[in-house]
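A.B. asks: coords please:
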Amino acid sequence: METIKHNGKDIPVKHADVKVTIKHKETGVIYKDDAEWKGLGIDPSLIKRDVLVTLPTLDLFGETK
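C.D. replies: As a prediction, the model looks like this:
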């Protein structure tokens, strides 16, 4: 597990999980990447990107001084 040092303590680094869905606004067709819809010559104004970011839970009851 990756860690960083802060005030002499090792803190674990938590990474986010990011999922991007590229979809045609009118037809609802889902594309796997930008190259796919660009290769079809689709107008960029008809493309919608949905981004889902999932973060790990945080320890809200950490130590205090």
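A.B. asks: Centroid-nearest residue for the protein?
C.D. replies: V18 (2.2 Å; C-alpha atoms, centre = their mean).
A.B. asks: So it versus H24, what's the distance?
C.D. replies: 21 Å (C-beta to C-beta, to the nearest Å). C-betas here are computed from N, CA, C, even on glycine.
A.B. asks: do K32 as well
C.D. replies: Distance from K32 to H24, by C-beta to C-beta: 13 Å.
A.B. asks: Give the other helices and strands that the lowest-mean-pLDDT helix or strand in the chain contacts.
C.D. replies: Least confident helix or strand, the chain: strand 9-12 with a mean of 86, by mean pLDDT, DSSP states H and E. Contacts defined by 3 or more C-beta pairs under 8 Å, 6 or more residues apart in numbering; DSSP states H and E place strand 9-12 against strand 3-6.
A.B. asks: Tell me which strands the strand it packs on pairs with, and in which orientation.
C.D. replies: Here strand 3-6 has these sheet partners by DSSP bridges: strand 9-12 (antiparallel).
A.B. asks: Name the residues that touch the strand it pairs with?
C.D. replies: 1-5 (C-beta atoms under 8 Å, 6 or more residues apart in numbering).
A.B. asks: Next, report how far it is displaced from the centre of its chain.
C.D. replies: Chain-centre distance of strand 9-12: 24 Å, with C-alpha atoms, centre = their mean, to the nearest Å.
A.B. asks: So for stretch 46-64, mean pLDDT?
C.D. replies: Averaging pLDDT along stretch 46-64 yields 84.
A.B. asks: returning to what we had before: when K32 and H24 are compared, which one has more neighbours?
C.D. replies: Between K32 and H24, H24 has the larger neighbour count (other C-beta atoms under 10 Å), namely 16 against 9.
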